[in-house]
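**Q** Give me the fold of what follows.
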Amino acid sequence: MNVESYVRDIQDFPKKGISFKDITPLLNDAEARAFCLTTLKNSLSNVKIDKVVGVESRGFFFGILLAQEFNAGFVPVRKPKKLPFDTLSASYELEYGYDTLEIHTDAIQKGDKVLIHDDVLATGGTAKAVCELVEQLGGEIVQVNFLMELTFLNGKDKLEGKNIFSVLKY
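**A** Sure, this is the predicted structure:
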C-alpha cells in the first residue's frame with residue numbers, strides 16, 4: 001500500500017519555512033489506517049508491552065489503538081497543566097522552538113515494558129524528553145515508534161541505543 005499518498009504537505013505551518021506533514025487524510029481512510037496499525041504492531045512481534053505512551057496530541061491516535069492491540073495500559077503525555085494529578089515534566093527543543101511535556105507520576109511502574117508512540121520523529125527532542133520521563137519512572141523502553149521519520153533532521157541521533165521504528169521515512 002502506498003501510505004505516503006495519504007500524507008499531505010502543508011507549507012509554512014505552523015510557521016514560515018516549516019513543511020507540515022498532515023496525517024488527517026490517512027486517519028480518514030480505514031484501509032490506510034489499518035495498514036499503519038498493523039505495520040506498527042508487527043514491528044514488535046513476540047514482545048510483552050505493559051504500557052503504551054502516546055505523545056500529545058497526534059501520538060494519541062495510534063497510541064490508544066496500539067494499547068488495545070497489545071492489551072496494555074495507555075499513558076498520555078501532555079502539554080503542561082493538562083493532566084489533573086501529580087506530574088513529572090521534561091522540557092525539550094523543537095525544530096521551531098521549545099516546549100514541555102508532562103506525565104502522571106503514577107502512570108508507569110518500575111519494570112513496566114513501555115512502547116512510546118508519536119506521529120513524527122523530527123529533531124528527536126520530543127521523543128528524547130518522553131524517554132527521559134519514562135525512564136525516570138522506572139519504565140523499560142521496548143521501542144519508540146512513529147508513523148513517519150524526517151531523516152534529514154537526524155532525530156535518531158538523540159535516541160541512541162533505543163529501538164526505533166517508523167512506517168514512513170522522508
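**Q** Return the residues in contact with the residue nearest the centre of the chain.
**A** The geometric centre of the chain, computed from its C-alpha atoms, lies nearest to residue 118 (C-alpha atoms, centre = their mean), at 1.5 Å. Residue 118 makes contact with 54-55, 58-59, 126-127, 130, 144, 146, according to C-beta atoms under 8 Å, 6 or more residues apart in numbering. C-beta coordinates here come from the backbone N, C-alpha and C atoms, glycine included.
**Q** and it, that's in a strand?
**A** Yes - inclusion of residue 118 in a strand is indicated when DSSP: H, G, I helix; E, B strand; the rest coil is applied.
**Q** Just flag the most distant two among the contacts of residue 118.
**A** Longest distance between any two of the contacts of residue 118 is 14.8 Å, between 58 and 144; criterion C-beta to C-beta.
**Q** When those two are compared, which one has more neighbours?
**A** Residue environment comparison for residue 58 versus residue 144 gives the larger neighbour count to residue 144, 26 against 19, counting by other C-beta atoms under 10 Å.
**Q** I'd guessed that one sits against residue 116; true?
**A** Yes - look at residue 144 against residue 116 with C-beta atoms under 8 Å: they come within range, at 4.5 Å.
**Q** so how far is stretch 133-152 from its chain's centroid?
**A** Between the centre of stretch 133-152 and the centre of its chain there are 7 Å (C-alpha atoms, centre = their mean, to the nearest Å).
**Q** Please apply the same query to stretch 77-90.
**A** Using C-alpha atoms, centre = their mean, the distance from the centre of stretch 77-90 to the centre of the chain it belongs to is 16 Å.
**Q** what does it contact?
**A** Stretch 77-90 is touched from outside by 53-56, 59, 76, 99-106, 129-130, 132-133, 136-137, with contacts defined as C-beta under 8 Å, 6+ apart.
**Q** can you tell me which of those residues are in helices?
**A** Restricting those to those inside helices, with DSSP state H as the criterion, leaves 59, 129-130, 132-133, 136.
**Q** Farthest-apart pair in the residues you listed, please.
**A** Among the ones in helices among the contacts of stretch 77-90, the pair separated by the greatest distance (C-beta to C-beta) is 59 and 136, at 18.8 Å.
**Q** which one of those two has more residues nearby?
**A** Neighbours of residue 59 and residue 136, each counted by other C-beta under 10 Å, are more numerous for residue 59; the result is 26 against 13.
**Q** Give me the nearest residue to that one, chain neighbours excluded.
**A** residue 118 (3.9 Å; C-beta to C-beta, 6 or more residues apart in numbering).
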